[in-house]
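Q: Provided below for reference: sequence and predicted model.
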Amino acid sequence: MSEFLATAVDAALLAGKLLSENFEKPLEVDAMHAHDIKLELDRRTQRLIEDHILARHPGHAILGEEGNTQGTSDCEWIIDPLDGTVNYFYGIPHFATTIAVRRHNEILAGVIHDPMRDETWTVEAGGPALLNGRKIEVSTRTDLQECIISMGVSKTIDSINSTLPAFNRAISQVKKMRMLGSAALDIAYVATGRLDAYLEGTISLWDIAAGLLLVPAAGGTVDLHPHPDNPNKFRITATSGRADFTSLVAA
């Protein structure tokens with residue numbers, strides 16, 4: 001394990017311990033939006049991760065859902081301390097911490113950690129995709145009718161209106177559609193073969209950065225495009241590459 005990956009794993013495990021200790025306990029809400037929740041615990045968990053990373057790698061930059069830190073290094077850490085905050089707040093045990101590090105836009109290493117299931121996905125450039133140290137591969141299903149697809153929906157009305165037609169198009173062609181509430185786990189599940197594809201029209205980089213390296217390392221494919229109206233958001237299709245998913249993403 002490289003120094004960068006070891007740092008990411010240790011930080012994610014620390015975050016997971018904090019999140020699991022506070023799960024289903026009273027939470028301080030920073031903001032309650034129509035389709036989202038911001039928790040004090042989100043900010044506290046990111047600070048814990050940042051402190052751990054910067055203690056080992058002073059001068060590195062941080063790009064996180066709960067704030068950014070400029071650095072003097074060409075390395076940048078991409079962090080979502082709690083992906084699946086709404087699930088977490090409602091006591092649904094499906095959420096994750098995800099951390100990736102990149103240099104000059106090339107992702108070097110990444111981790112996705114689910115503390116409730118004690119599952120940790122790890123990957124580094126040129127290496128295999130691993131789950132708890134075991135090599136994983138994408139699904140081998142080739143028949144679209146046997147595939148399970150997860151589709152994410154962001155909180156804007158425009159995103160909802162654009163996603164629903166795609167959902168309706170897909171639901172009649174596949175075995176099952178799912179909306180699970182954690183993009184990081186969606187993309188990790190594609191790498192593990194639990195899902196055959198994950199699609200989302202508007203997603204932030206910190207949700208999926210580790211998965212961008214993880215899925216190809218597991219034999220799958222990722223198609224990522226900047227959102228036309230927001231350069232900080234992306235449209236993503238992550239698949240096993242085994243079935244023909246063209247009709248699911250067609251306009």
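A: Received the coordinates, thanks. Numbering: from 1, shown residues only.

Q: just say helix, strand or coil for residue 79.
A: Counting by DSSP: H, G, I helix; E, B strand; the rest coil, the backbone at residue 79 sits in strand.

Q: hey, what's it bridged with?
A: residue 64, residue 99 (DSSP bridges).

Q: touching, it and residue 46? I think so.
A: Yes: at 6.0 Å, residue 79 and residue 46 qualify as touching, with contact defined as Cβ atoms under 8 Å. From N, CA and C alone the C-beta is placed, and that goes for glycine too.

Q: which neighbours do the two have in common?
A: The contact sets of residue 79 and residue 46 overlap at 64-66 (Cβ atoms under 8 Å, 6 or more residues apart in numbering).

Q: and residue 43, how far from residue 70?
A: Separation of residue 43 from residue 70 (Cβ to Cβ, to the nearest Å) stands at 18 Å.

Q: more neighbours: which of these two?
A: residue 43 (18 against 8; other Cβ atoms under 10 Å).

Q: residue 58: how many residues sit nearby?
A: Counted by other Cβ under 10 Å, the residues lying close to residue 58 total 10.

Q: pLDDT score for it?
A: We note a pLDDT of 96 for residue 58 in this prediction.

Q: and if you look at residue 23?
A: For residue 23, pLDDT reads 97.

Q: low-confidence ranges in the stretch 1-150 of the chain?
A: Residue ranges of the stretch 1-150 of the chain with pLDDT under 70: 34-35.

Q: kindly recompute the last result at 80.
A: 1, 31-36 (pLDDT under 80).

Q: quick one: the helices in it?
A: In the stretch 1-150 of the chain, the segments counted as helices under DSSP state H, counting those that start in this stretch are 3-22, 40-56, 85-89.

Q: quick one: residues in contact with the last one.
A: Yep, that's helix 85-89 we're talking about. Contacts to helix 85-89, defined as Cβ under 8 Å, 6+ apart, come from residues 19, 23, 27, 29, 36-39, 42, 82, 93-95, 181-182.
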